[in-house]
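A.B. asks: test case, fold it:
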Amino acid sequence: MAVPAGFFALFFAYPVAAIVARGLREDGHWQTARAAAVLTDPVVRDVLWFTGRQAAASTALTLLVALPGAYVFARLDFPGKRVLRALVVVPFVLPTVVAGSAFLALLGRGGLLDQLWGVRLDSSVWAILLAHVFFNYAVVVRTVGGLWAQLDPRQEEAARVLGAGRFAAWRRVTLPALAPAVAAAALMVFLFTFTSFGVVQILGGPGLTTLEVEIYRQTAQLLDLPAAAVLTLLQFAAVALLLLLHARTVRRRESALRLTGPARAARRPRGPGEWTLLGLTGAVAGLLLLLPLAVLVERSLRGPDGYGLHYYRALGSREGGTFTVAPLAAVGNSLAFAAVATVIALVVGGLAAAALTRRAGRLVRGFDALLMLPLGTSAVTVGFGFLIALDEPPLDLRSSWILVPLAQALVGVPFVVRTLLPVLRAVDPRLREAAAVLGASPLRAWREVDLPLVTRALGVAAGFAFAVSLGEFGATVFIARADTLTLPVAVARLLGRAGELPYGQAMALSTVLMLVCAASLLLLERARTDRDGPGGF
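C.D. replies: Have a look, this model is predicted:
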């Protein structure tokens, strides 16, 4: 626990505490009266109420839509499975400003729905909910599907032999085994939607404001740091309470499971029901996930003289003076930063997951909740905190390139932990005990027992960490230097400029980000062997 605890103390707790203290202390005194005024404001209560409601509704809708997809990817084998599995993760890494613009083109004035049926959903909660499903579909599919693919199907078959129907066998055997993974996925989706900013800012109306949007408004527009600090603490307290509740309830439901290789569990679809489910999953992926991406591609190709590569060619120059280097240089920066962030996230998250597997108690449950706090903390707060706290020796990192991967790894670690933990806790401890009896050291027992069973989950965790690092925007926008911009920051800066050329470049660069992510995820899919044994996924 020492390495993860030290990492979070230095690069999360310290920067957040620094920015909150800067906002709430004036002339050496705490501004308690200002804090009380913010907390009793009816507008703040309405914002908190809407934030919780839309997050709960988004989580429920995402689970409803994505759980059938998790079954399809875990249990069925069909042509194009690897390609589709990689593509469904692409929306998750797109900058929210880009995805929000794509949904606005689909659901807003003059959009596809408006043209076909005269229906507009912009400035409504439905647009926000659909965009949240678009982003978080992959979280459920990969997190739940990663464990589902390793559950031994013979246990469910045994229940059916004993007289249980298909649904009863799934409800009594498979669902309890999947409960920790479903809860982990639901927790991550809720945290992402609870702290939603870009989607709500673009698609929401005047009365649809989340805590994250209000924190940004108080910080960047009203320059009211005390109010922003109070709202940050309020958001922090709500997320911490949720995480502690999750740690107390889910841990009681976890048990050792019989795990197997994915190749043994996956099979060709059988019967009209499974073929229908496969078709519905493909339709959802096509309409909800791929259609907004197609809008990005179409807009990137629509130039002033018709369709062509005009905006892509413009990415190779510094026309307009927006950047000190060509926007296309952000591709190499993003890949390098994301690779370093993935390594950091795997080391920190892997050690944390191993510690949480072997130990119990209130301290460990609190540590488990701490690891998830970056997902529920304002990215604006973290970004400003990095600038304020990490500017003096021995942590003077403002001019160092490592600052960006560190911020990205903060978001990647929770995904690594939540992906590895259900699988690690499902390993039968008697296997480790048998290895110890035979003379294996703890390290060798972990290498011979745990590692072969979690290799697939480790690959999924690496993919998620790389994807979220590639698309991280909230904190990176404050700390990325002008000569080392990442793709999301470059896209946001282009969208912030008026004119047809910057907008076209933003769409082209967004398409490049989408293709880079898809190619990276496809490479990860190819690295999977889907074989049993120590080296397989």
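A.B. asks: biggest helix in the chain, by residue count?
C.D. replies: In the chain, assigned by DSSP state H, the helix with the most residues is helix 42-75.
A.B. asks: separation between A158 and T174?
C.D. replies: A158 sits 12 Å away from T174, going by C-beta to C-beta, to the nearest Å. Heads up, the C-betas are built off the backbone N, CA and C, glycines and all.
A.B. asks: so A369 sits right up against L241, yeah?
C.D. replies: No: here A369 lies out of contact with L241, judged by C-beta atoms under 8 Å, at a distance of 9.2 Å.
A.B. asks: for those two, indicate the residue with more neighbours.
C.D. replies: Set side by side, A369 and L241 show more neighbours around A369, with 20 against 11, by other C-beta atoms under 10 Å.
A.B. asks: check contacts around A457.
C.D. replies: By C-beta atoms under 8 Å, 6 or more residues apart in numbering, A457 lies in contact with G146, L147, Q150, T419, L420, V423, L424.
A.B. asks: need these in a markdown table with distance to E448, can you?
C.D. replies: As requested, the contacts of A457 are exported to a markdown table (distance: C-beta to C-beta, whole Å):
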| residue | distance to E448 |
| --- | --- |
| G146 | 22 |
| L147 | 21 |
| Q150 | 18 |
| T419 | 22 |
| L420 | 17 |
| V423 | 16 |
| L424 | 15 |
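A.B. asks: residue nearest the middle of this structure, spatially speaking?
C.D. replies: Central residue of the chain (C-alpha atoms, centre = their mean): V468, 5.7 Å from the mean position.
A.B. asks: tell me the secondary structure for that one?
C.D. replies: helix (DSSP: H, G, I helix; E, B strand; the rest coil).
A.B. asks: run through the residues that contact it.
C.D. replies: Contact analysis of V468 by C-beta under 8 Å, 6+ apart lists F92, V93, Q408, V411, G412, F415.
A.B. asks: need the contact list for the fourth one.
C.D. replies: Listed by C-beta under 8 Å, 6+ apart, the contact partners of V411 are P374, L375, V468, S469, E472, A475.
A.B. asks: got a winner among those for most neighbours?
C.D. replies: If you rank these by neighbour count (other C-beta under 10 Å), S469 sits at the top with 30 neighbours.
A.B. asks: now it: how far from R75?
C.D. replies: Distance of S469 to R75, computed by C-beta to C-beta: 30 Å.
A.B. asks: find the helix or strand that N333 is a member of.
C.D. replies: N333 is part of helix 330-358, with elements assigned from DSSP states H and E.
A.B. asks: who are the packing partners of that helix?
C.D. replies: helix 2-8, helix 362-372, helix 403-426, helix 451-471, helix 487-495, helix 500-527 (3 or more C-beta pairs under 8 Å, 6 or more residues apart in numbering; DSSP states H and E).
A.B. asks: could I have the fifth one exported to CSV, CA atoms only?
C.D. replies: Think helix 487-495. Written as CSV, here are the backbone C-alpha positions of helix 487-495 (Å, rounded to 0.1, in the frame of the first residue of the first chain):
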residue,chain,number,x,y,z
LEU,A,487,-4.7,16.0,-29.0
PRO,A,488,-7.7,17.0,-26.7
VAL,A,489,-6.1,20.3,-25.7
ALA,A,490,-5.3,21.1,-29.3
VAL,A,491,-8.9,20.3,-30.4
ALA,A,492,-10.3,22.5,-27.6
ARG,A,493,-8.1,25.4,-28.6
LEU,A,494,-9.1,25.1,-32.3
LEU,A,495,-12.8,25.0,-31.3
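A.B. asks: which strands or helices does that helix pack on?
C.D. replies: By 3+ C-beta pairs under 8 Å, 6+ apart, helix 487-495 packs against helix 96-107, helix 330-358, helix 451-471, helix 476-479, helix 500-527.
A.B. asks: of these, which approaches V16 most closely?
C.D. replies: Nearest to V16, of all those, is helix 476-479, at 13.5 Å by C-beta to C-beta.
A.B. asks: run the chain-centre distance for that closest one.
C.D. replies: Distance of helix 476-479 from the chain centroid (C-alpha atoms, centre = their mean, to the nearest Å) equals 18 Å.
A.B. asks: pull the helix or strand with minimum mean pLDDT from this protein.
C.D. replies: Here the helix or strand of the chain ranked lowest by mean pLDDT, DSSP states H and E is helix 262-265, holding a mean of 59.
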